[in-house]
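In: Sequence and predicted structure below; questions after.
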Amino acid sequence: MLDAYRFAREAGCREGRLALAELPRLADVLAQTEGWVDYRLSGLTGERGQARLRLQVTGRLLLVCQRCLDAVAHDLAIDRLLELASEDSAPTQEEMEDDGVDVLPLDGMLAVDALIEDELLLSLPIVPRHAECALPVTAADSGKAHPFAALAALEHH
Ligand SMILES: [Zn+2]
């Protein structure tokens, strides 16, 4: 847990490594939970005194290809700027003047692990799949209509 407002005010910096096995919500979408991500969290102050955090995360996740259900590597390169605001007075994204900055509603302490897990989940592709999937080309891909091709693909599993 981190006193995020103070961390921002004091321009704090924290670097660390987080094991994927310790991120239960992320585990659901991973093909395997071995490995880790590296993160760097920096505190900064905006032009009008806003408390902000910059979160950078790198690493490689193995997701499940939604086509062949095999593992597909996803390289992370997260770099996010978050503005802290109390739950009551948090500006909406429309009210924020700065593009590229997102609001993080927060009244007290920040759970850094949970924040990183949230950002990881947000950064993932909605439908992960291999750029060149090993699964045989189906009718939908080849453009040739074959009514049973899609069914055959399903039966493959
Ligand atoms: Zn695939």
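Out: Noted; the coordinates are in hand.

In: From the ion, how far out is residue 115?
Out: Distance, residue 115 to the ion, by C-beta to the ion, to the nearest Å: 31 Å. Where you see a C-beta, it was placed from the backbone N, CA and C, and this is true even at glycine.

In: same question but for residue 106, I mixed them up
Out: 39 Å.

In: Residue 2 too?
Out: Applying C-beta to the ion, the value for residue 2 to the ion is 39 Å.

In: residue contacts, that residue?
Out: Residue 2 sits next to 14, 41, 109-112 when contact means C-beta atoms under 8 Å, 6 or more residues apart in numbering.

In: just the helices in this protein please.
Out: With DSSP state H, the ranges of helices along the chain come out as 4-9, 24-27, 112-123, 139-142, 149-155.

In: Skipping adjacent residues, who's closest to residue 87 in space?
Out: Closest residue in space to residue 87, ignoring its immediate chain neighbours: residue 105 at 4.8 Å, by C-beta to C-beta, 6 or more residues apart in numbering.
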